[in-house]
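> Sequence plus the predicted model coming up.
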Amino acid sequence: MVKRDSDGCTRPNLYAATTMTGMRLASVITAMMLALAACTTSGGEQQPSGVSETTAHGEISTAESQGMVTDDADTRRSASKVRRFADLSHGVTTKSSKLKVRERPTRSSPWHEMGMTNPIGQRLVLLIRKARSTAHGDWFEVLLPERPNRSTAWVKRRDVRVVSLRHRIEVDLSRYTLKHFRNDELVRRFKVGVGQDRYPTPKGVYYVWAKVPQPSSTGPYGNYALGISGFSPVLSDWPGGGRAAVHGTAVARDRGQKVSHGCVRVFNDDMRKIKGVPMGTPVVITR
């Protein structure tokens with residue numbers, strides 16, 4: 001069985017893979033690539049994962065300290081160093097397969113472990129939203145690639161490696177435009193297709209969660225798909241659980257139209273120019 005768009009494009013059923021071959025099987029694999037990667041187990045306090053701490057430029061940043069921060073001079077200096085990382089320009093990753101994430105930036109806070117690779121083995125880079133220095137060390141609040149959209153959790157700085165994010169994608173739904181920035185400078189701008197009124201493209205701040213080459217440029221995802229950390233606000237029974245994406249299309253008339261079930265459709269020629277953005281690249285969707 002397949003899901004069919006209003007324009008005739010199909011979305012394969014994930015569970016029909018065993019009966020498909022060739023191009024249809026490749027399409028199913030593509031859909032599976034956009035499935036939720038998070039794998040969780042809950043528990044109590046454990047030793048840190050042992051991931052070495054490095055940063056993109058030997059620096060780290062974050063938001064204003066709150067009541068948990070002491071008046072200790074070392075803590076104040078640490079807070080000033082991490083403050084720079086909460087401006088959508090940094091993410092975190094690990095060498096290990098899982099990362100311990102917590103509800104609050106305290107050692108006693110409830111926690112779970114999430115998987116740090118997506119279903120095709122690509123290493124996740126979680127976008128930093130806030131940073132904080134406490135008496136027990138430095139912490140980052142990161143965006144999680146799961147429902148509900150914009151879910152966050154806290155991670156210890158010493159458990160992660162900080163990654164500098166030089167690229168950014170901005171989508172303006174009301175203007176049907178996608179802008180690609182590098183080092184905060186506009187590199188290119190495209191007209192794109194967006195979600196229909198009844199299947200809106202999710203607004204908010206997300207990031208690239210998967211980079212998926214496509215077997216056919218004329219398929220439902222065009223020549224390439226960038227799966228993002230956000231989901232459709234109305235669809236959950238589609239392949240990948242309704243995960244949104246910025247993906248190609250061979251249909252030029254999609255540009256400047258409300259045509260999709262929530263994804264951002266980029267004409268294939270334009271998609272080739274942005275497919276190289278790295279994992280973790282911020283994707284900011286506004287109206």
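Thanks, I have it.

> alpha carbons only for contacts and neighbour counts from here, please
Noted.

> my guess is residue 113 contacts residue 101, does it?
Yes: using Cα atoms under 8 Å, residue 113 is in contact with residue 101, at 6.1 Å.

> neighbour count winner among the two?
Taking neighbours as other Cα atoms under 10 Å, residue 113 and residue 101 compare with residue 101 leading, 25 against 17.

> pretty sure the more buried one belongs to a helix, no?
No: going by DSSP: H, G, I helix; E, B strand; the rest coil, the assignment for residue 101 is strand, not a helix.

> what sits opposite it in the beta ladder?
Per DSSP bridges, the residues bridged to residue 101 are residue 112.

> Could I get the contacting residues of it?
Residue 101 sits next to 111, 112, 113, 114, 153, 154, 155 when contact means Cα atoms under 8 Å, 6 or more residues apart in numbering.

> tally of neighbours for the last one?
A count of neighbours around residue 155, defined by other Cα under 10 Å, yields 25.

> give me phi/psi at it?
Dihedral pair for residue 155: phi -130, psi 150, per degrees, to the nearest 10.

> Give me the distance between it and residue 185.
30 Å (Cα to Cα, to the nearest Å).

> Equivalent analysis for the third one, please.
In this structure, residue 113 lies at 36 Å from residue 185, with Cα to Cα as the measure.

> again with the first one
Applying Cα to Cα, the value for residue 111 to residue 185 is 38 Å.

> More neighbours: which of those two?
For residue 111 versus residue 185, the count of surrounding residues by other Cα under 10 Å is larger for residue 111: 21 against 11.

> Apart from its neighbours in sequence, what residue is nearest the more buried one?
Sequence neighbours aside, residue 102 is the residue nearest to residue 111 in space, at 4.2 Å (criterion: Cα to Cα, 6 or more residues apart in numbering).

> right, and that neighbour touches residue 139 too?
No: counting by Cα under 8 Å, residue 102 sits too far from residue 139 to count as a contact (10.2 Å).

> okay, and the common contacts of those two?
154, 155.

> When these two are compared, which one has more neighbours?
Using other Cα under 10 Å, the more surrounded residue of residue 102 and residue 139 is residue 139, with 24 against 20.

> and the host helix or strand of the more buried one, what other elements does it pack with?
Assigned by DSSP states H and E, residue 139 belongs to strand 137-143. The contact analysis (3 or more Cα pairs under 8 Å, 6 or more residues apart in numbering; DSSP states H and E) places strand 137-143 against helix 73-82, strand 126-134, strand 152-156.

> Partner strands of it, with direction?
Per DSSP bridges, strand 137-143 is paired in its sheet with strand 126-134 (antiparallel), strand 152-156 (antiparallel).

> Mean confidence (pLDDT) on it, please.
Strand 137-143 comes out with an average pLDDT of 96.

> chain center to stretch 134-144: distance?
Centroid separation for stretch 134-144 versus its chain: 19 Å, with Cα atoms, centre = their mean, to the nearest Å.

> Hmm, residue 125 is touching residue 93, no?
Yes: here residue 125 reaches residue 93: they are 4.9 Å apart, a contact under Cα under 8 Å.

> list residues touching both of the two?
By Cα under 8 Å, 6+ apart, residue 125 and residue 93 have these common neighbours: residue 163.

> which of these two has more neighbours?
Between residue 125 and residue 93, residue 125 has the larger neighbour count (other Cα under 10 Å), namely 27 against 21.

> Can you give me the pLDDT of that one?
Residue-level confidence at residue 125 comes out at 99, pLDDT.

> Please report the distance of it from residue 171.
20 Å.

> Residue 120 now?
26 Å.

> Can you name the element that comes right after the helix or strand that contains residue 259?
Residue 259 is part of strand 258-260, with elements assigned from DSSP H and E. Sequence-wise, the next helix or strand downstream of strand 258-260 (DSSP H and E) is strand 264-267.

> Let me see the residues that make contact with that following strand.
Residues contacting strand 264-267 (Cα under 8 Å, 6+ apart): 190-195, 201, 222, 244-252, 254-255.

> Return the members of these classed as buried.
Listed as buried from those are 190-195, 201, 222, 244-250, 254-255; burial here means 16 or more other Cα atoms under 10 Å.
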